[in-house]
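Asker: sequence below, structure please.
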Amino acid sequence: MTKFGEIINIDKPVLIDFYFNWEDIENSVETLRDVAAALGDKAKVIKIDIKKNEILADALRVKGNPTFMIYKKGEMVWRQTGEQDANTLIGLVQQYV
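Answerer: Numbers count the residues shown, from 1 in each chain. This next block holds a predicted model:
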């Protein structure tokens, strides 16, 4: 939890993908790579395994797969459960750059 606080407490937006379905991981990883490449150093993109981080997922009330969140300066500014395409995520994160 302490490390999570350090990750989200930065000036640039942080896009987090909470996931647990191993079958869809390749599509999700590719989507996040595209998002990270498009945003460059303007934002941080992170993928968090719900099963390996159950305490954090419970604390954030993550119930669906995947659940995306955007944090800015330690505050959650956007959250959505369900698949998102790269262009949608890029557009959302750019609102907070």
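
Asker: could you look up the SS state of the most centrally placed residue in the chain?
Answerer: The geometric centre of the chain, computed from its C-alpha atoms, lies nearest to I16 (C-alpha atoms, centre = their mean), at 1.2 Å. For I16, the assignment made with DSSP: H, G, I helix; E, B strand; the rest coil gives strand.

Asker: hey, what's it bridged with?
Answerer: Legend: beta-bridge partners of I16 under DSSP bridges are I46, M69.

Asker: which other residues reach the lengthiest helix in the chain?
Answerer: Looking across the chain with DSSP state H, the single longest helix is helix 25-39. The contact list for helix 25-39 (C-beta atoms under 8 Å, 6 or more residues apart in numbering) reads 15, 17, 19, 43, 45, 47, 66, 84-86, 89-90, 93-94, 97. Placement of C-beta: from N, CA and C, glycine included.

Asker: distance of the residue nearest to D41 when sequence neighbours are not counted relative to Q80?
Answerer: Excluding its sequence neighbours, the residue lying closest to D41 (C-beta to C-beta, 6 or more residues apart in numbering) is K12, at 7.8 Å. Separation of K12 from Q80 (C-beta to C-beta, to the nearest Å) stands at 20 Å.
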